[in-house]
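J.: coords please:
(one chain, ligands or ions: 2)
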Amino acid sequence: MAQSILDAELGDLEGIGPATEKKLRDAGVESVLDLAVALPEELVEVIGGSKENASALIFTAHRMLKESGLLDKDFIPAIEAYQRRQTMLRCTTGSQNLDDLLKGGIESQAITEVWGDYGTGKSQLCHTVCVTAQMPSAKRGFAGSVVYIDSEGTFRPERVYQIAQARGLDPEEVLKRVIVCKVYNSPHLELVIRNLGKYIEKFDAKLVVVDSIISLHRAEFLGRGTLAERQQRLNRLVHRLLRIAEIYNVAILVTNQVQAQPDAFIGDPTKPAGGHILAHACTYRIYLRKAGQQRLAIMVDSPYHPYSQTNFAITEGGIDDPEIKRNGPVDSVK
Ligand SMILES: Nc1ncnc2c1ncn2[C@@H]1O[C@H](COP(=O)(O)OP(=O)(O)OP(=O)(O)O)[C@@H](O)[C@H]1O
Ligand SMILES: [Mg+2]
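T.: Ligands and ions are numbered 1, 2, ... in the order given. Below you'll find the predicted structure:
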């Protein structure tokens, strides 16, 4: 990452005087990167003034990032976009089958969402990538550490230990590079995500796991009257995550719960929770399903992967390939 941009003071930015700089710092916005991932409404709360003014400050921060090559410029030939995507990092999920579904693994600069019923392997995948993300790129890892945000209280360091051991890595070294944050309520989750950039830099993280993204908001905002606010806050949360993924070149893996769809007469009567807010913000959406003893993964939504299906296994070493591998169009794999 270009050092100059990280060293740049907020006060160097056009439109930020000493008083504004102090207000921003007091609110935890300490760098150009922090400003770039801020949202106009929040800035208004911190520094006062109009939303337009706040948007202009964020725009200036974006311009600096674009000039230093951390963000794409507004108009670029597609060949440049293509070349930039070639530098994007990919990390193995532990299963070749699942990697093939993702055309090589979990991508940086994107949010990958896995959703499915209880026990389908969402948290197992999260635990497995805590290990694989630390492997060198020659072994299809990110060679970086992991920030793990646990909103369901289901993170188990001993499971990471077991997976690392089964994969021939030093379990204690692996555990040192998984930074866990247990969150207790939705404002806490929002605060942690607001400060995520700082943790990514501090721990040199290449992967952020959020298990799960919606459970707290879902539990706290009950009833129709609160739905609009819940969706608005989730919207901010996931858009901030997406910006963080792009600016810091990290992969973001989030899990999501299912929502019953009692009016569905054909097909699977479940859908991911969170409605269209999550659907639009997540780059890739993978549906996990149990089929007898085995697990199926379906690529439900992606800008460039086909709608396809594969199978995987959960083993002592975490997510792995099943004995008999099956790939193909959806419903051809049973
Ligand atoms: N050490 C292990 N070896 C093999 N399989 C395991 C092991 N640990 C857990 N599992 C399998 O993983 C399943 C649990 O998966 P996981 O915890 O990922 O579910 P989930 O999709 O996160 O569900 P929830 O929605 O309840 O959080 C168990 O049913 C078990 O079959
Ligand atoms: Mg789970």
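J.: residues in the protein within reach of ligand 2, list them.
T.: Applying CB under 5 Å from the ion, we find that the chain lies next to ligand 2 at Lys122, Ser123, Thr154. The way it works is simple: take the backbone N, C-alpha and C, and place the C-beta from them, glycine included.
J.: select only the buried ones of these in PyMOL?
T.: For the buried members of the residues of the chain next to ligand 2, the matching PyMOL selection, counting by 16 or more other CB atoms under 10 Å, is:
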select buried, resi 122+123
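J.: which of the residues of the chain next to ligand 2 sits closest to Pro136?
T.: Within the residues of the chain next to ligand 2, the smallest distance to Pro136 is 25.2 Å, found for Ser123 (CB to CB).
J.: tell me the secondary structure for the closest one?
T.: Look at Ser123: counting by DSSP: H, G, I helix; E, B strand; the rest coil, its state is helix.
J.: same for the helix or strand harbouring Leu216, what does it pack against?
T.: If you go by DSSP states H and E, Leu216 is part of helix 215-220. The contact analysis (3 or more CB pairs under 8 Å, 6 or more residues apart in numbering; DSSP states H and E) places helix 215-220 against helix 186-194, helix 227-248.
J.: would you mind checking the average pLDDT for that helix?
T.: Per-region confidence: helix 215-220 scores 91 on mean pLDDT.
J.: what's it in contact with?
T.: Residues from elsewhere that reach helix 215-220, judged by CB atoms under 8 Å, 6 or more residues apart in numbering: 151-152, 183-186, 188-189, 230, 233-234, 257, 273.
J.: that older thread, what would the helices and strands packed on helix 215-220 look like in TSV with mean pLDDT?
T.: Output for the helices and strands packed on helix 215-220, formatted as TSV (pLDDT from 0 to 100):
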stretch	mean pLDDT
helix 186-194	94
helix 227-248	90
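J.: out of those helices, flag the one nearest Glu41.
T.: With CB to CB as the measure, helix 227-248 is the member of the helices and strands packed on helix 215-220 nearest Glu41 (7.9 Å).
J.: in the closest one, what's buried?
T.: By neighbour count on 16+ other CB under 10 Å, the buried set for helix 227-248 is 230-231, 233-248.
J.: by how many degrees do it and helix 186-194 diverge?
T.: 20 degrees (axes from the mean of the first three to the mean of the last three CA atoms, to 10 degrees).
J.: right, and the helix or strand after helix 227-248?
T.: As assigned by DSSP H and E, the chain's next helix or strand after helix 227-248 is strand 251-256.
J.: walk me through which strands that following strand pairs with, and which way each runs.
T.: Strand 251-256 has the following strand partners under DSSP bridges: strand 110-116 (parallel), strand 205-211 (parallel).
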